[in-house]
Structure formats: C-alpha cells, structure tokens
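> quick one: sequence and predicted model below, then my questions.
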Amino acid sequence: MKRFVLIAVFLIWSGYCFSQVAIFPFEDLSKSLNGINFYLSSLVSHKLKDKGYSVVGPDKVADLLARYRVMWTGWVDRITAERVKRELNCQYAILGTVLSNDPERFAFGFTLRMLDLDRYKLVWSRVVFFSK
C-alpha cells in the first residue's frame, strides 16, 4: 500500500506539482465490471494533500461524473476531460484501475494514468502488481 502512495506522489512530483490535479474514483475490476474503489483513490488524494499538492478529491469528481451520467471512471473521453478542466479548474487528472485485490493470496495489482486535460494527452502511466 505504501508503494502505491509513493508512486502517486512521484507521479505528481515529476514536474506537475504546481497545477491542480483531479483524482478520479478508481475503477475496481476485482469487484465487478462496474466496481469502484473509493478507498484507494481517497487515500491517494489525502496523502497528496498532506504533502501540499493542490488536489480535487474523488468525491467531487464523482459528483461531476454523475451529473453528466458518466458511468466508467477508468477512462475519460475528450468532452468529459474538458468539463473536468473547466468546472473543477484542473489541468491534470489521475485515473486508476484496480486489477486484482485478493487478500487471501496476498495479490494486489493496479494501473495509474495521468492525463493532461489541456491537450488530452497521456502524460504518465504505470502498471504495478504485488503478490506473495
């Protein structure tokens, strides 16, 4: 879990720390096709706020997504990216997907992606998997 937060901190630290970042609720494929993991996205949000970064948390992003009836949080289209940029005043978005979360086998896998909302370009991505 600490590595997860460290990767997110490194992601923000790598040159984008002066811009506001929207943390999307993380998609959780270990639950179901439409599963959401608010715990991990909130954890990343709080850790980044504690470090002094300007962050819009997953709860506010989820409200905006619900208002526009966006149902998939692991991917964002150009129109939604523009809405997040304009309405939440963010330049970047962090999207995450939990691929595996099995405490019995001590397996945890996820992806993180950082999107530049101005240019609608992927800035950074990482896939991480931990297991026993």
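Arrived safely.

> what is the neighbour count of residue 132?
Using other Cβ atoms under 10 Å, the number of residues around residue 132 comes to 7. For every residue, glycine as well, the C-beta is placed using N, CA and C.

> is it true that it touches residue 104?
No. Residue 132 is not in contact with residue 104 according to Cβ atoms under 8 Å; the separation is 9.8 Å.

> can you pull out the helices in this structure?
For the chain, the helices defined by DSSP state H occupy 2-13, 38-50, 58-67, 78-88.

> can I get these in JSON lines with mean neighbour count?
Listed next are those as JSON lines, based on neighbours: other Cβ atoms under 10 Å:
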{"stretch": "helix 2-13", "mean neighbour count": "16"}
{"stretch": "helix 38-50", "mean neighbour count": "18"}
{"stretch": "helix 58-67", "mean neighbour count": "17"}
{"stretch": "helix 78-88", "mean neighbour count": "16"}
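
> least reliable of those going by mean pLDDT?
Between those, the lowest average pLDDT goes to helix 2-13, which shows a mean of 56.

> from the chain's centroid, how far away is stretch 110-124?
10 Å (Cα atoms, centre = their mean, to the nearest Å).

> would you indicate which residues of that stretch are buried?
110, 111, 112, 113, 114, 115, 116, 117, 123, 124 (16 or more other Cβ atoms under 10 Å).

> redo the helices of the chain as JSON lines? Include distance to residue 100.
Compiled in JSON lines, these are given as follows (distance: least, Cβ to Cβ, whole Å):
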{"stretch": "helix 2-13", "distance to residue 100": "13"}
{"stretch": "helix 38-50", "distance to residue 100": "13"}
{"stretch": "helix 58-67", "distance to residue 100": "20"}
{"stretch": "helix 78-88", "distance to residue 100": "26"}
